[in-house]
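Visitor: Return atomic coordinates for the entry below.
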Amino acid sequence: MSRKGRVLVAMSGGVDSSVAAMMLHEEGYEVIGITMKTWDYASSGVSKKETGCCSLDSINDARALAVRFGFPHFILDIRNEFGEHIIDNFVGEYLAGRTPNPCVLCNTHIKWEALLKRADSLDCEFIATGHYARQRFENGRHLISRGLDHNKDQSYVLWGLSQASLSRTRFPLGHFKKEEIRKMAGEAGFMDLANKSESYEICFVPDNDYRAFLKHRVEGLEERVEGGDFVLSDGTFVGKHRGYPFYTIGQRKGLDIALGKQVFVLEIRPETNTVVLGEKEELVKKTMMVRDINLMKYAELPEDITALTKIRYKHDGTMAILNHQPSGDMQVDFIDPVSGIAPGQSAVFYEGEDLLGGGFIKK
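Guide: Coordinates of the predicted model:
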């Protein structure tokens, strides 16, 4: 056993997780690498070459780095668990008229659970990932704060982690910027890795076409939902659409309807296969409700605390007053109204740089 302990590092084959493993090895941890096979493109009904974290090339890249530094590397097949939890939820959310957040669910309910289970079997005290987030222990709580590189900060997708999971997790990249990580990879002799492009697609929607994915996964979906009504917010009928699951809140392009002005999707009503359209100003709201709250910085939030609130990953955030309801939901009252609140997406709360917690937007 090394002086720092044994750590199981999730290695996708990308530059971030590879450098995280390299850093921990050089810091004196006994590193074991693991690459999780979550998905294969054959299951999604597309024929393009596999790329990204589940491809053979990525697995080989992760293994090559492990061989170079002399630590073990394993492949963990979690496709069954991934399909049962992440894919089924993804499809179910769209069928319920919501916009899912698969990366959050995958982190909290699949990857961390799988990593910790494997870590126990390999006698690893810790697990580590290449997420850009910082962590510390303070006032009896394991905390996450935003990564130093705000352009790469990934704390948004980590709001669902439990205190028990965080107590065993390491984020080596939190105090570095992306260009520094690429430079480290190059200086270590991994130029291909240093220059490797990043994928921003959902891993199981390889062509970024979730509509085609839904059609493949749900037999007869088009026939079941096509021909629903487009209506305005006052109920006025303005046309027919392709089916409510194929639209998202705030969508403007691809509506295939001409009303003489720009219109956006305001609401999706799955029970009647209705999509509500309106002008941009109608997307603006001052209040939302958030469910399935997980608190991180505090065991209980101070009453009417004000926090920066992000309603999607690339959202800059807006200050809002948080009020925890007896039901367990969080009422969020924005200081300045925000546009495009989409049920199903994550709402994530910050106090300064610290992650307070988060939940899923209810309405």
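Visitor: Show me the chain divided up by domain.
Guide: 6-194, 224-278, 283-361 (automatic domain parsing).
Visitor: Which among those is found nearest to D207?
Guide: D207 lies closest, by Cβ to Cβ, to one member of the domains of the chain: domain 6-194, at 6.1 Å. Every C-beta, even on glycine, is put in place using the N, C-alpha and C of the backbone.
Visitor: Now do the contacts for R182.
Guide: V15, A194, N195 (Cβ atoms under 8 Å, 6 or more residues apart in numbering).
Visitor: Select from those residues the one having the most neighbours.
Guide: V15 (24 neighbours; other Cβ atoms under 10 Å).
Visitor: and H324, how many neighbours?
Guide: H324 has 18 neighbours, counted by other Cβ under 10 Å.
Visitor: Specify the beta-bridge partners of it.
Guide: With DSSP bridges as the criterion, H324 is bridged to M330.
Visitor: Quick check: it touching M289?
Guide: No: here H324 lies out of contact with M289, judged by Cβ atoms under 8 Å, at a distance of 11.4 Å.
Visitor: which stretches of this structure form helices?
Guide: Secondary structure of the chain (DSSP state H): helices located at 15-27, 56-69, 79-82, 88-95, 102-105, 112-121, 163-166, 178-187, 191-194, 210-217, 221-225.
Visitor: Tell me where this structure is predicted with low confidence.
Guide: Applying pLDDT under 70 to the chain flags the ranges 1-3, 40-55, 199-201, 206.
Visitor: Quick check: the residue positioned nearest the centre of it vs Y156, distance?
Guide: The centroid of the chain falls nearest to C103 when counting by Cα atoms, centre = their mean (2.9 Å). Separation of C103 from Y156 (Cβ to Cβ, to the nearest Å): 9 Å.
Visitor: Quick check: neighbours shared by these two?
Guide: What both C103 and Y156 touch, as defined by Cβ under 8 Å, 6+ apart, is an empty set.
Visitor: rewinding a little: can you say which of the helices of the chain is nearest to R312?
Guide: Closest among those, once you apply Cβ to Cβ, is helix 102-105, at 11.3 Å.
Visitor: quick one: contacts of that closest one?
Guide: Residues outside helix 102-105 that contact it (Cβ under 8 Å, 6+ apart) are H85, I86, N89, F90, V157, W159, G160, I202, F204, S346.
Visitor: Run through the residues that contact the closest residue to E93 other than its chain neighbours.
Guide: Closest residue in space to E93, ignoring its immediate chain neighbours: P100 at 3.7 Å, by Cβ to Cβ, 6 or more residues apart in numbering. P100 is in contact with N89, F90, E93, Y94, G344, counting by Cβ under 8 Å, 6+ apart.
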